[in-house]
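A.B. asks: Let me see the structure of the following:
(chains A and B)
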Amino acid sequence: MRKTIDRTFVALTLTATVIILTIIAIIVGNIVVHGTDTLSLEFLTAAPKDGMMAGGIFPAIYGTVLLVLLMSLVAVPFGVLVAIYFAEYARAESRLYRWTRMAVNNLAGVPSIVFGLFGLGFFIQTIGHGIDQILYPGYLVYGQPSVLWAAMTMAVLTLPVVIITVEETLRAVPREYREASLALGATRLQTVFRVILPQAWSGVMTGAILAISRGAGEVAPVLFTGAAYFLPELPTRANEQFMHLGYHIYAMSTQSPDVEATKPILYSTVLVLLVLTFLLNITAILIRNRMRRWATR
Amino acid sequence: MGDQVKISVNRANFFYGMQQALQDVTIRIRPCFVTALIGPSGCGKSTFLRALNRMNDLIPGTRLEGRVELDGEDVYSSSMDVIQLRRRVGMIFQRSNPFPMSIYENVAYGPRVNGLTKKRPELDIIVEKTLRSAALWDEVKDRLARSAMSLSGGQQQRLCIARALAVEPEVLLMDEPASALDPISTAKIEELIYELKRAYTIVIVTHNMQQAARVSDETGFFLNGRLVEFAETRKLFTAPAKRETEDYITGRFG
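C.D. replies: Okay, here's the model as predicted:
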């Protein structure tokens, strides 16, 4: 009897695994099968034309990569600093720690559209508008949606992931190293930057990878903050708008005058988004592995 | 130098939160002596050791009453620079804990963070000198750039001693430095302690009574947070004044 239950349970776990695999296979297979036909060099390097029913998606690829890079430049250093505060300096009973901890945990659960609205209200209307009033009175320079504000908004969204991943890695560094360093007369700052952080680089990169994956795929946060519906020219300044792969997919599938005609392009765009996210991840993983080898040399 | 005192502890009480770990400990540690602290697990000997360079400060909710002096200076006064104190009072831990860096960088770490020198030729001299003092130079001189993790346990512990010596401390605190090592490595560490006491004041916590008898000049016996007896090592092991000391060193408990 117990043996039967045992076997049934194993069968159950196996079935669940197979179902998941099947779903993923169907999604990816479907996209690959339908998406490869229209995929061409021109598709990857040209701008959309004819009401987005022809041409390529280069501005969207460019915009997405730019967004993700800008976002990482903000989210990773900022997240690492907060994680250092949490893991190395904060005392568990301090009020500042408890509140920021709660804020970070809750931030991770906020729907992404809320971040979009926050970005619009805070970055564009408050900060951007403020900058304009002081530096460019009468002109609209920073008080409008742009790749800069979209990246900042996305950084706020991905911050909890970075913080939590880096914090866990910092906490996993054995206490012995901290004690050894401090017992040699090192300050806490020296201990953090010369001993602890070098051992946590892989965690920092993991945080970056997770942030990039999330940032490349989310659409809602950039809807109000910088993504353009159609913009064949590439953004050259931080205060210009940009095209975004995710938003482009949404636009083509809902706003196109002829949905059936755009379908092949749509499939290819989705495929590109998948591959791009994959490539960004691989790059970050390669950097992480290299750092790991370097650290343990 | 009969009456000289390097570290003086007067009526120290130590608390982890509400729990008292040291009770009324008074001790005078003499310069260029090896002072051994023995006692059963949890008797407070490690807590006492870590009170001398304020490593206990790192544990939240701890508190020390009483007075600890290094060369007559109050170690716990607000004007004491803890960073400077820890440079003067080095520490060797039970588990060898070299940094995951090269052998060279491990030794150079202390001089670098303390701003003693940043110049490579000067660091080279310090690294060689301290590795020699720690009786490790001949074994590692050809592979200074290799990871410290590639060394054996005994070598790692001697590297930790070299690392501690590199910041030119006056006192070395050793917390069961050989307890995780094999007998041969242990013998090397003990020889080293014997060599080092010419220049350094050494306080060593050990649960190995033979080791205390072999390496130390004076020995203190801790029990339940109290310093039961403190005497010349030979006297303490051959003619203890207290009943508890005798029971412990003859193996009747502990």
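
A.B. asks: Which stretches in the stretch 1-150 of chain A count as strands?
C.D. replies: Using DSSP state E, counting those that start in this stretch, the strands found in the stretch 1-150 of chain A span residues A:48-49, A:54-55.

A.B. asks: what number of residues lie near residue 142?
C.D. replies: In the absence of a named chain, this looks at chain A. Using other Cβ atoms under 10 Å in any protein chain shown, A:Y142 has 21 neighbouring residues. No exception for glycine: its C-beta is placed from N, CA and C like everyone else's.

A.B. asks: wrong one, chain B
C.D. replies: Neighbour count for B:D142, taken as other Cβ under 10 Å: 8.

A.B. asks: Quick check, pLDDT for the residue lying closest to B:T206 once chain neighbours are set aside.
C.D. replies: Leaving aside its sequence neighbours, B:T206 sits nearest to B:A212 (Cβ to Cβ, 6 or more residues apart in numbering or on different chains; 5.3 Å). On pLDDT, B:A212 comes in at 94.

A.B. asks: ok, B:A212 to A:E168 distance?
C.D. replies: For B:A212, the distance to A:E168 (Cβ to Cβ, to the nearest Å) stands at 41 Å.

A.B. asks: Of those two, which one has the most company?
C.D. replies: B:A212 (25 against 16).

A.B. asks: list the contacts for that one?
C.D. replies: With contact set as Cβ atoms under 8 Å, 6 or more residues apart in numbering or on different chains, B:A212 has these partners: B:36, B:38, B:204, B:206, B:219, B:233, B:237.

A.B. asks: List the buried residues in the helix or strand hosting it.
C.D. replies: Element membership for B:A212, per DSSP states H and E: helix B:209-215. Buried residues in helix B:209-215, counted by 16 or more other Cβ atoms under 10 Å in any protein chain shown: B:209, B:211-215.

A.B. asks: C-alpha coordinates for it, CSV please?
C.D. replies: Taking C-alpha atoms only, helix B:209-215 is exported to CSV below (Å, rounded to 0.1, in the frame of the first residue of the first chain):
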residue,chain,number,x,y,z
MET,B,209,46.1,21.0,28.6
GLN,B,210,49.3,19.4,27.3
GLN,B,211,49.5,22.2,24.8
ALA,B,212,49.1,24.8,27.6
ALA,B,213,51.7,23.1,29.6
ARG,B,214,54.1,22.9,26.7
VAL,B,215,53.9,26.5,25.3
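
A.B. asks: ok so, going back, deepest-packed of the strands of the stretch 1-150 of chain A, please.
C.D. replies: Across these, averaging neighbours per residue (mean count of other Cβ atoms under 10 Å in any protein chain shown) puts strand A:48-49 on top, at a mean of 18.

A.B. asks: who touches that one?
C.D. replies: A:54-57, A:59, A:230, A:232, A:248.

A.B. asks: quick one: strands adjacent to it?
C.D. replies: strand A:54-55 (antiparallel) (DSSP bridges).

A.B. asks: Check the offset of the partner strand from the chain's centre.
C.D. replies: With Cα atoms, centre = their mean, to the nearest Å as the basis, strand A:54-55 stands 28 Å off its chain's centre.

A.B. asks: quick one: average pLDDT of it?
C.D. replies: 78.

A.B. asks: Can you get me a residue count around B:N114?
C.D. replies: 20.

A.B. asks: thought it was touching B:R87?
C.D. replies: Yes. With contact defined as Cβ atoms under 8 Å, B:N114 reaches B:R87; the gap is 5.6 Å.

A.B. asks: would you list every one of the helices in the chain?
C.D. replies: With no chain named, the answer covers chain A. A:2-35, A:41-45, A:58-84, A:95-107, A:112-118, A:129-135, A:147-172, A:175-183, A:188-190, A:197-199, A:201-217, A:220-223, A:245-255, A:259-295 (DSSP state H).

A.B. asks: wrong chain, I was asking about chain B
C.D. replies: B:45-52, B:82-88, B:103-113, B:120-133, B:137-140, B:153-165, B:183-196, B:209-215, B:233-238, B:243-249.

A.B. asks: Of those, which is nearest A:S253?
C.D. replies: helix B:103-113 (55.9 Å; Cβ to Cβ).

A.B. asks: Residues contacting that closest one, please?
C.D. replies: Contacts for helix B:103-113 (Cβ under 8 Å, 6+ apart): A:181, A:184-187, A:190, A:194, B:87, B:98-99, B:101, B:116-118, B:123, B:126-127, B:130-131, B:140, B:143-148, B:151, B:159, B:162-164, B:166-167.

A.B. asks: Weed out the non-buried ones from those.
C.D. replies: A:181, A:184-186, A:190, A:194, B:87, B:98-99, B:101, B:116, B:123, B:126-127, B:130-131, B:140, B:144, B:147-148, B:151, B:159, B:162-164, B:166-167.

A.B. asks: which regions of chain A sit below the pLDDT cut-off?
C.D. replies: Along chain A, the model assigns pLDDT under 70 to residues A:51-52, A:292-297.
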